[in-house]
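Engineer: Could you look at this predicted model? Sequence included:
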Amino acid sequence: MLLQVLGTAAGGGLPQWNCACPGCAGARAHPRRRRLHASLAVRADERRWYLVGATPDIGEQIERCPHLRPGPGRRDSPVAGVVLTDAELDHTLGIARLREADGFDILATAPVRDALVGRLRLGEILAPYTRVAWRELGPDAVPLADGVGVEVSAVPLAAKRPRYAAGTGPDLRTWAVALRLHEPATGRTLLYAPSLARWTEDFQRAAEAADVVIADGTFWDDDEPARAGLPTATATGMGHLPISGPDGTARRLAGLRARCLYTHLNNTNPLADPDADQHALLARSGIEVATDGMVIDL
């Protein structure tokens, strides 16, 4: 199974266009600190790739990844579709950029599809331009492409819906899911969870069975949002388990056999600086921070 990390930043990217915080200022001054929105590309078979998340940076992300560039024909593209972990704008706005395609798949859970079709009207918007095949994502593994290749299934996490979808549908844990990407031919599995509001028993079981876990690294500690100017906010309250602390995810990841990495870094997170001391702290537990462009070959 071949994957490429297309981005590792939380909402707004790094730097964020309207932010002059130390993290964003540092990214402007030092290009190697720049990060695009969190996303993956996974090879479904010899010809087709799927994007995990469709971010506002989708055009640049495709250009940065040679596997995703068009050819040999003028309009031939290996991008066959998108797999969604949730309905957040930062993970879905790029779908509209795919309107030039002849057609593509979108794999999403039922509430995520309903939000994108019912609230964002993506079905109506895209219909005059291209064909979109909506495929439901659930606990049972389905192949990304026809035939033998990578399979995907959803691990329900939380009823965390985007603001634009407030008040729509029941509070289901399939609003935000982790993705289990499995290749039957090799038996290898990757678990991807860029938004992790709760460490559930289902997620623990999936993490224990995985060879690679890429987890939510939005905030270093629970008080980080308050220090950044949101006095009543905590990481947990914003739907992201912090990395450090007695209930942090680093302690849990350190106990897994899998290769573990963090993604979805907020501009306030010290890990956004590759020279920060926190990287060494994680390394002592065998935990890495994913970088834009990183290739993972399982």
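Structural biologist: Thanks, I have the structure now.

Engineer: ok now stretch 221-237, how far from the chain's centre?
Structural biologist: Distance of stretch 221-237 from its chain centroid, counting by Cα atoms, centre = their mean, to the nearest Å, is 22 Å.

Engineer: Endpoints of it, how far apart?
Structural biologist: End-to-end span of stretch 221-237 (Cα to Cα, to the nearest Å): 12 Å.

Engineer: Check stretch 132-140 too.
Structural biologist: 22 Å.

Engineer: what's the straight distance from one end of stretch 13-25 to the other?
Structural biologist: For stretch 13-25, the first and last residues are 13 Å from each other (Cα to Cα).

Engineer: Could you pull out the buried residues of it?
Structural biologist: 13-16, 19, 23-24 (16 or more other Cβ atoms under 10 Å). (Each C-beta comes from the backbone N, C-alpha and C, glycine too.)

Engineer: just curious, which of those is nearest to residue 129?
Structural biologist: When those are ranked by distance to residue 129 (Cβ to Cβ), residue 13 comes first, at 25.7 Å.

Engineer: can I assume that closest one is in contact with residue 57?
Structural biologist: Yes. Counting by Cβ atoms under 8 Å, residue 57 is a contact partner of residue 13 at 6.5 Å.

Engineer: Give me the common contacts of those two.
Structural biologist: 7, 36-37 (Cβ atoms under 8 Å, 6 or more residues apart in numbering).

Engineer: need the contact list for the closest residue to residue 61 other than its chain neighbours.
Structural biologist: Nearest non-adjacent residue to residue 61, counting by Cβ to Cβ, 6 or more residues apart in numbering: residue 6, 4.1 Å away. With contact taken as Cβ under 8 Å, 6+ apart, residue 6 is in contact with 36, 39-41, 51, 55, 57, 61, 64-65, 292-293.

Engineer: among these, which ones are buried?
Structural biologist: In the contacts of residue 6, the ones that pass as buried (16+ other Cβ under 10 Å) are 36, 39-41, 51, 55, 57, 61, 64-65, 292.

Engineer: Select, from those, the two members most distant in space.
Structural biologist: 51 and 292 (14.3 Å).

Engineer: how about the helices in the stretch 101-250 of the chain?
Structural biologist: 110-118, 122-126, 201-209, 224-227, 249-254 (DSSP state H, counting those that start in this stretch).

Engineer: Contacts for the third one, please.
Structural biologist: It stands for helix 201-209. So helix 201-209 is in contact with 155-157, 178, 180, 189, 191, 193, 196, 213, 252-253, 256-258, going by Cβ under 8 Å, 6+ apart.

Engineer: Could you tell me which of the shared contacts of residue 13 and residue 57 belong to strands?
Structural biologist: residue 7 (DSSP state E).

Engineer: Any stretches of the stretch 51-200 of the chain with poor pLDDT?
Structural biologist: 147-148 (pLDDT under 70).

Engineer: residue contacts, residue 293?
Structural biologist: 4-6, 64-65.

Engineer: That one and residue 103, how far apart?
Structural biologist: To residue 103, residue 293 is 28 Å away according to Cβ to Cβ, to the nearest Å.

Engineer: Among the buried residues of stretch 13-25, which pair sits farthest apart?
Structural biologist: Using Cβ to Cβ, the two most remote members of these are 13 and 23, lying 11.1 Å apart.

Engineer: And the strands in the stretch 151-298 of the chain?
Structural biologist: Counting by DSSP state E, counting those that start in this stretch, the stretch 151-298 of the chain has strands at residues 151-158, 176-183, 188-193, 212-216, 259-263, 287-289, 295-297.

Engineer: Would you convert these into TSV that also reports mean neighbour count?
Structural biologist: Output for the strands of the stretch 151-298 of the chain, formatted as TSV (neighbours: other Cβ atoms under 10 Å):
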stretch	mean neighbour count
strand 151-158	21
strand 176-183	24
strand 188-193	23
strand 212-216	26
strand 259-263	23
strand 287-289	19
strand 295-297	13
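
Engineer: To residue 239, which of those strands lies closest?
Structural biologist: Closest among the strands of the stretch 151-298 of the chain, once you apply Cβ to Cβ, is strand 151-158, at 6.7 Å.

Engineer: Could you report the pLDDT at the nearest residue to residue 14 once chain neighbours are set aside?
Structural biologist: Using Cβ to Cβ, 6+ apart and skipping the chain neighbours, the partner closest in space to residue 14 is residue 35 (4.2 Å). If you check residue 35, the pLDDT there is 98.

Engineer: what's the distance between residue 35 and residue 187?
Structural biologist: 32 Å.

Engineer: So between those two, which is more surrounded?
Structural biologist: Neighbour count, other Cβ atoms under 10 Å: between residue 35 and residue 187, residue 35 has more, with 24 against 10.
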